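Colleague: Pasted the sequence and its predicted model underneath.
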Amino acid sequence: MAANISSFPPLGQVTQIKENTIEFFALLEVEKSRVDDPWEVAVWRSSTDGVWSEKLLLPISGDDSPSVLQVTNVSKAFLYFHASFFVSSPLNFTLKFRNGRNQPWKWARETSGVNDGVVLIETQHLHNGMESTLPSIIHGLNPELRVKAVASQTPYTQLWTIEAGVGPAEGDNSAYANVELGTPWGGSLRYFALVRQGSPWLGPRHGSTPFSLDKDAVMCSFLNHRSRHLVLLGVSGVANVMTLLRSSESGSVKLHIRNDTEFYSSGLVLAAVGDNFESAIAAVMYHARTVVLATGYRYDERSRELQSLTDEVNPEWYENWYDGLGYCDRIINAVETLAKNRINISNLIIDDNWQDIDYRGRNQYQYGLNGFEAEPHAFPLGLRKTVSRIRSKHPSIQHVAVWHALLGYWGGISSSGGLAKTYKTVQIDRSDSNVNGPMTVIAEEDVQKFYDDFYQFLSDCGIDGVKADVQYMLDTWVSAKHRRQLTDTYLDAWMISALRHFSIKAISCMSQAPQLLFYQQLPRSRPPMLVRNSDDFFPDVADSHPWHIFANAYNTLLTQHLNTLPDWDMFQTDHEFAGFHAAARCISGGPIYITDVPGKHNIGLINQMTGTTTQGKTVIFRPSVVGKSIDAYTSYDEPSILKVGSYHGRAVTGTPMLGVFNTSRQSLRELIPLSRFPGVIDSTEYVVRAHRSGIVTPILRLGSPAANLVVSLDVREYDIFTAFPVNQFDSETNGRIYTANLGLIGKMTGAAAITANQFELRRAGRVLLDTRLKALGVLGVYISDLVNMSIERDFIATIQGETIPPHTVAINETDDHVLNIDLETAWKEMCLEAGWSNEVEVKIYFDIEHP
């Protein structure tokens, strides 16, 4: 009896519900030859009293079945089962099934190895008085800590500040304190932490009781059995104190504090409790910004200039920098290959190894920068002429940026090069897993001049953007004095020079050291910038690719609250994981850069990520809300689909999106309710479209059986589902008609191409879709009664006010409820010219009172 079972709520995971009634669905995959067997499925459940009981699920079929958006195995069949039952306390459950009353039961754990599922009831803002004080939440709370309740900026959350004293630094030696905090909830059901994944990066950690971390954490969240979330945030970058979180051998939380100042100070932890993780982490991040502003603000010349430069930023510049397809590499030959395929790169980043460095030492961590000019052998004509030739040969390239390390190069400044003779320098010892020993850097008094001179040189060469890498190196310096004197100096000087010369066209990289997160990236007193969101893309390390996507999705749960746009790193389109990475970049809401080997490009994949504007520019389609995991407490090692949620457009009328990725080593199948998509509204009806298959669901209402999506992913597989809110019109002759603008189909996040969208009922039963798009492509329009309509009789479509050739309009081959309008072909054939705007104006008129 070969069969696989899955459900919602899912096995092996913690599910929070808002009502006391569970609508339980199970999916049984069986051999098609056994589909008529008398299958039975039962849920085996236990609440806090420890008594287990069984409930038989009833089979469902037809219109009451969940929706399938993927092509299924012809030798398999899906059977669905359902039951409703009341829950008043936390519930543990598992499933069992059999193919006849006289057959033995098979348990889900036996067939799939998945542990029991847990269902929690959200408290819905009903706070128990026992949890109104922090000692009732953190058991064994250290009485020596200074705890203060403060007002939270997030509704239905409680917030506290926790301070622990630390002594003064002595000379070059920092002062440290390791202070016991206590045990959240006395033991949590699940925890999620973001730790220092090496010196430059953050990375996720998950677990249950006991709390145990392998590295220091910036943030930890603890979920208890009553569906309450406690988030702890260690605040750094304020008054030269760093505060991190550790686990003890007993499973409690400890504070690890470093003080670089010469006076007594204190480490700060913020604690928030809420009904859900998003509210609790928002509470601590909002208050952290208030703390940084209150304690770190200096109204000096640097801060005044930062504010002035920030005020001068034009919002239009963001679109030009963020939305163009970028190419990042050490060579530029690939740009020509892409241009031949009508992929016109907008942003070119010349990566590491273009600079003139001294090559002294064992590796790049010891190499120092000689001067501003490019490496003479690789760039014999110099940087200026090279950039000029690039721009003249490829006019579509709007921005050319270069890579450099924050301190010059990985090893700083060459002690014998021209820069060391021009600027004052200082020798600094550093200690890191990659290198130990001294490095030469620009001294405090010349840092601003160094950046201004460097960026003026780059600007004179035609460079108009920078990627400042290796920023974490500031935190590897051994001396407390050097960190205290130079960290803020370098960060401020770099930001000021970048704004002076390049406006917002700067990328911060390897900059997730705690001080940088809070000092550089949290404040909103400067323009938002692109910041790398995780460790690198490693093309030759197979196991790194699923982890890369997973880490980015979880890091964004914190970085979404920074004044940044998360950058999930460049990738190669001609790679076995290329589609996996491409889908992740599209759903991330961040920039997209490719780093292909010249001549090795997956043009089809690039076309799924991008579109061509009416002016010939290649652009990406960024959702307006950054993508992030929707399951804070699901670990990398669990057999669970990674779900990355995003959203595009205005509240209520916008478009929810869900990227799904199999980051495990086995095939996975889950039931995912539409209610899990970010931003869905109970009162709105939707159709959901799968990118890879092009299949569209029927009209879905939250809570209906069909609003559960069957998602099957093999190892390394992925998909993106987009939920489109539908408009409804009542016709006299054909009843109720549902419509939706699907954006550019064939694009992974084609809904993000929509810049304006309105359906309007005109006279005589004619409906107008008036939409604007940021690029050309195939526009999809969902019309529920399309199968009964005639394109020639019932439709008129225009582009820029001109009627579209009829042959560019057709019914979609995959779904006959979708009308395809090939705007790109129509534009070419009509010989249209771009106006002052890049946007494509499309109007579609159709008759819902058709015969």
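Modeller: Thanks, I have the structure now.
Colleague: what's near enough to touch the closest residue to residue 347 other than its chain neighbours?
Modeller: Ranked by Cβ to Cβ, 6 or more residues apart in numbering and with sequence neighbours excluded, the top spatial neighbour of residue 347 is residue 326, at 3.9 Å. To be clear about C-beta, it is placed using only N, CA and C from the backbone, and glycine gets the same treatment. By Cβ atoms under 8 Å, 6 or more residues apart in numbering, the contact set of residue 326 is 345-349, 570, 591-594.
Colleague: The residue nearest to residue 632 when sequence neighbours are not counted and residue 723, how far apart?
Modeller: For residue 632, ignoring the flanking residues on the chain, the nearest one in space by Cβ to Cβ, 6+ apart is residue 277 at 4.4 Å. From residue 277 across to residue 723, the span is 22 Å (Cβ to Cβ, to the nearest Å).
Colleague: Show me what stretch 755-763 is in contact with.
Modeller: So stretch 755-763 is contacted by 649, 653, 727, 729, 739, 741, 767-774, 839, 845 (Cβ under 8 Å, 6+ apart).
Colleague: If you rank those by neighbours, which is first?
Modeller: Ranked by the number of neighbours (other Cβ atoms under 10 Å), the contacts of stretch 755-763 place residue 773 first, at 27 neighbours.
Colleague: Quick check, that residue in contact with residue 827.
Modeller: No - if you go by Cβ atoms under 8 Å, residue 773 and residue 827 don't touch, sitting 11.2 Å apart.
Colleague: quick one on the thing from earlier: which one of residue 277 and residue 723 is surrounded by more residues?
Modeller: More crowded of residue 277 and residue 723, by other Cβ under 10 Å: residue 723, with 27 against 20.
Colleague: That one sits in which helix or strand?
Modeller: Assigned by DSSP states H and E, residue 723 falls within strand 718-725.
Colleague: Tell me the helices and strands packed up against the next helix or strand after that strand.
Modeller: Following strand 718-725 in sequence order, the next helix or strand is strand 727-731 (DSSP H and E). Packing partners of strand 727-731 (3 or more Cβ pairs under 8 Å, 6 or more residues apart in numbering; DSSP states H and E): strand 735-745, strand 754-761.
Colleague: Quick check: which of those is buried the most?
Modeller: Most buried of the helices and strands packed on strand 727-731, by mean neighbour count (mean count of other Cβ atoms under 10 Å): strand 735-745, with a mean of 22.
Colleague: Check the offset of that one from the chain's centre.
Modeller: 28 Å (Cα atoms, centre = their mean, to the nearest Å).
Colleague: Could you export that strand as PDB, CA atoms only?
Modeller: Extracted C-alpha coordinates of strand 735-745, given in PDB (Å, rounded to 0.1, in the frame of the first residue of the first chain):
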ATOM      1  CA  GLY A 735     -25.000  36.500 -14.900                       C
ATOM      2  CA  ARG A 736     -22.100  37.500 -12.800                       C
ATOM      3  CA  ILE A 737     -18.700  38.000 -14.500                       C
ATOM      4  CA  TYR A 738     -15.400  38.000 -12.700                       C
ATOM      5  CA  THR A 739     -12.300  39.800 -14.000                       C
ATOM      6  CA  ALA A 740      -8.700  40.300 -13.000                       C
ATOM      7  CA  ASN A 741      -5.600  42.000 -14.400                       C
ATOM      8  CA  LEU A 742      -2.900  39.400 -14.300                       C
ATOM      9  CA  GLY A 743      -0.100  41.700 -15.300                       C
ATOM     10  CA  LEU A 744       2.700  40.400 -17.600                       C
ATOM     11  CA  ILE A 745       2.300  36.600 -17.700                       C
END
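Colleague: any idea how far residue 657 lies from residue 770?
Modeller: Taken as Cβ to Cβ, the span from residue 657 to residue 770 is 23 Å.
Colleague: What of residue 175?
Modeller: Applying Cβ to Cβ, the value for residue 175 to residue 770 is 65 Å.
Colleague: what sits opposite the residue nearest to residue 347 in the beta ladder?
Modeller: For residue 326, the beta-bridge partners under DSSP bridges are residue 347, residue 593.
Colleague: 439 is where my numbering starts, stick with that
Modeller: OK, 439 is where the count begins now, so the last one is residue 764.
Colleague: how much space between it and residue 1031?
Modeller: 4 Å.
Colleague: overlap in contacts of those two?
Modeller: With Cβ under 8 Å, 6+ apart as the test, residue 764 and residue 1031 both reach 785, 787, 1008.
Colleague: Tell me the one of those residues nearest residue 570?
Modeller: residue 1008 (48.5 Å; Cβ to Cβ).
Colleague: in the stretch 1189-1289 of the chain, which spans are strands?
Modeller: With strands called from DSSP state E, counting those that start in this stretch, the stretch 1189-1289 of the chain shows them at 1192-1199, 1204-1211, 1216-1221, 1233-1237, 1240-1241, 1247-1249, 1256-1260, 1278-1285.
Colleague: Kindly reformat those as a markdown table containing mean pLDDT and distance to residue 922.
Modeller: Shown next, in a markdown table, are the strands of the stretch 1189-1289 of the chain (pLDDT from 0 to 100; distance: least, Cβ to Cβ, whole Å):
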| stretch | mean pLDDT | distance to residue 922 |
| --- | --- | --- |
| strand 1192-1199 | 96 | 48 |
| strand 1204-1211 | 97 | 52 |
| strand 1216-1221 | 98 | 57 |
| strand 1233-1237 | 96 | 61 |
| strand 1240-1241 | 96 | 65 |
| strand 1247-1249 | 97 | 67 |
| strand 1256-1260 | 98 | 62 |
| strand 1278-1285 | 96 | 54 |
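Colleague: what's the closest of those strands to residue 508?
Modeller: strand 1256-1260 (16.8 Å).
Colleague: Direction included, what does that closest one pair up with?
Modeller: strand 1216-1221 (antiparallel), strand 1247-1249 (antiparallel).
Colleague: ok, longest helix in this protein?
Modeller: The longest helix of the chain (DSSP state H) is helix 918-940.
Colleague: after that helix, next one along is what?
Modeller: Next along the chain from helix 918-940, counting by DSSP H and E, comes strand 944-946.
Colleague: hang on, the earlier thing: residue 797: which of the shared contacts of residue 764 and residue 1031 is nearest?
Modeller: Among these, and counting by Cβ to Cβ, the member closest to residue 797 is residue 787, at 22.9 Å.
Colleague: Need the residues that contact stretch 1180-1192.
Modeller: 1020-1021, 1024-1025, 1045-1049, 1059-1062, 1084, 1086-1087, 1093, 1095, 1127, 1129, 1132, 1134, 1158, 1160, 1162, 1179, 1209-1213, 1215-1220, 1250, 1256, 1258.
Colleague: And stretch 982-994, by the same measure?
Modeller: Residues from elsewhere that reach stretch 982-994 (Cβ under 8 Å, 6+ apart): 630, 632, 635, 640-642, 950, 971-973, 975-976, 1004, 1006-1007, 1015, 1018-1019, 1022, 1026, 1064-1067, 1070, 1074, 1080, 1082, 1099-1102, 1154.
Colleague: Take the residues you listed and keep only those in strands.
Modeller: Members of the contacts of stretch 982-994 lying in strands (criterion: DSSP state E): 630, 632, 640-642, 1004, 1064-1067, 1080, 1082, 1099.
Colleague: could those residues go into JSON lines alongside pLDDT and neighbour count?
Modeller: Formatted as JSON lines, these follow (pLDDT from 0 to 100; neighbours: other Cβ atoms under 10 Å):
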{"residue": "630", "pLDDT": "98", "neighbour count": "27"}
{"residue": "632", "pLDDT": "98", "neighbour count": "26"}
{"residue": "640", "pLDDT": "98", "neighbour count": "26"}
{"residue": "641", "pLDDT": "98", "neighbour count": "21"}
{"residue": "642", "pLDDT": "98", "neighbour count": "24"}
{"residue": "1004", "pLDDT": "96", "neighbour count": "22"}
{"residue": "1064", "pLDDT": "97", "neighbour count": "22"}
{"residue": "1065", "pLDDT": "98", "neighbour count": "30"}
{"residue": "1066", "pLDDT": "98", "neighbour count": "25"}
{"residue": "1067", "pLDDT": "98", "neighbour count": "20"}
{"residue": "1080", "pLDDT": "98", "neighbour count": "24"}
{"residue": "1082", "pLDDT": "98", "neighbour count": "29"}
{"residue": "1099", "pLDDT": "98", "neighbour count": "24"}
